[in-house]
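Undergrad: sharing a model prediction with you, sequence too.
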Amino acid sequence: MPEAILPISLGAFLAYLFGRWQGEHQLLYQRRAKVIEKLFDRFEDVDQQFYSLFHWYDAGGEPDKPEKAKLAAKSFNDLQGYYRRNSIWLPLRASNQFGTFLARYRGPFNEFTDAVILQDHQPERVEKWNEVWTAFEKDSPEVRQTLETEFRAALGSWRAKFAILLESILGSRQAQNPRPERTGP
């Protein structure tokens, strides 16, 4: 009988440690999911505010362009502030991608909203903004997809976790084997 006490005690102790570890990680994933959800909401607000501002037609009852510019700038600042306060909860890959995205568009978005507020519609500014908006429309689905995948992974989706793993493997392979640049046609 005394020989059975040690394995039972060890099993109970290991079960306790595993349960504690599982509980801590469950809280981490819940917090991560909450942060990603709110970040996604703010990202969608920025997308919609700048879409409304960029498209030069106004529906009845909408604010005028300077007011739309103020709302768009506020939504971008809210997104950036929320990201800075909560980026620690994001997986490193998603945080880096989102931080790079914000850094890329912070300056052009601020310049554009300032120009709209001041009603400065110089042709070269409009052309530059068209380029920025086109790039934003190209980049934003990728950021949106990353947030959605990370959200699903935080909720426990094995498919999302597998997609993240595959993306990580492919990314590390591409980093190890960069393609040589072409010099001619």
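TA: All right, it came through fine. Numbers count the residues shown, from 1 in each chain.

Undergrad: which residue, other than its chain neighbours, is closest to D45?
TA: Closest residue in space to D45, ignoring its immediate chain neighbours: S75 at 4.5 Å, by C-beta to C-beta, 6 or more residues apart in numbering. Where you see a C-beta, it was placed from the backbone N, CA and C, and this is true even at glycine.

Undergrad: list the contacts of Q49.
TA: K68, L71, A72, S75, F76 (C-beta atoms under 8 Å, 6 or more residues apart in numbering).

Undergrad: my guess is the last one meets E111, correct?
TA: So the one you mean is F76. No - with contact defined as C-beta atoms under 8 Å, F76 does not reach E111; the gap is 11.9 Å.

Undergrad: out of those two, which sits in the busier spot?
TA: Taking other C-beta atoms under 10 Å, F76 and E111 do not tie; F76 has more neighbours (22 against 15).

Undergrad: which residues touch that one?
TA: Per C-beta under 8 Å, 6+ apart, neighbours of F76: V46, Q49, F50, Y105, R106, F109, N110, T113.

Undergrad: please redo it, this time with the cut-off set to 7 Å
TA: For F76, the contact set (C-beta atoms under 7 Å, 6 or more residues apart in numbering) comprises V46, F109.
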